[in-house]
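Engineer: missing the sequence, but the structure's below:
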């Protein structure tokens, strides 16, 4: 399995954990229609791999070492009477969980939250945020 895939799986596993007491009811990498979720399935999280940049850090055939910077979009939907508060709470929970191990189980060099975007209120009574987590990792070309 590639480091890219292992990092994505780690993000899902970390968000599924109930260690901090805050429960995400649905955490998946498969797209879903948030309008079809039951109240019991909120907050719901979709983790998806996004843009990636790669560069060689050594020169030499199939054993070339490379560094990659990849973004993961963490799309979270909340349903609450106080949408802004609920969005703020999930943003904090996600950041705290990801900061607990910024190496993503040893597969990444670092993880940083680089942006947070909130919906404009048009999906009320549901609120949404997209948190972009950037991970830097190394790999050797031609190996999995």
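Structural biologist: That came in fine, so what should we check first? Remember, it's a predicted structure, so these values are computed and weren't measured experimentally.

Engineer: buried residues in the longest helix seen in the chain, which are they?
Structural biologist: Ranked by residue count and defined by DSSP state H, the top helix of the chain is helix 83-99. Buried residues in helix 83-99, defined by neighbour count with 16 or more other C-beta atoms under 10 Å: 83, 86, 87, 88, 90, 91, 93, 94, 95, 97, 98. To be clear about C-beta, it is placed using only N, CA and C from the backbone, and glycine gets the same treatment.

Engineer: which parts of the protein are helices?
Structural biologist: For the chain, applying DSSP H gives helices covering 3-16, 83-99.

Engineer: burial measure for the nearest residue to residue 11 once chain neighbours are set aside, as a count.
Structural biologist: Residue nearest to residue 11 in three dimensions, not counting chain neighbours: residue 47, with 5.2 Å by C-beta to C-beta, 6 or more residues apart in numbering. By the criterion of other C-beta atoms under 10 Å, residue 47 has 22 neighbours.

Engineer: can you pull the contacts of residue 47?
Structural biologist: Listed by C-beta atoms under 8 Å, 6 or more residues apart in numbering, the contact set of residue 47 reads 8, 11, 12, 15, 27, 28, 29, 72, 73, 74, 75.

Engineer: would you convert the residues you listed into a markdown table that also reports pLDDT and distance to residue 1?
Structural biologist: Below are the contacts of residue 47 laid out as a markdown table (pLDDT from 0 to 100; distance: C-beta to C-beta, whole Å):
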| residue | pLDDT | distance to residue 1 |
| --- | --- | --- |
| 8 | 97 | 10 |
| 11 | 98 | 14 |
| 12 | 97 | 14 |
| 15 | 96 | 19 |
| 27 | 96 | 19 |
| 28 | 97 | 18 |
| 29 | 97 | 14 |
| 72 | 98 | 16 |
| 73 | 98 | 21 |
| 74 | 98 | 20 |
| 75 | 98 | 23 |
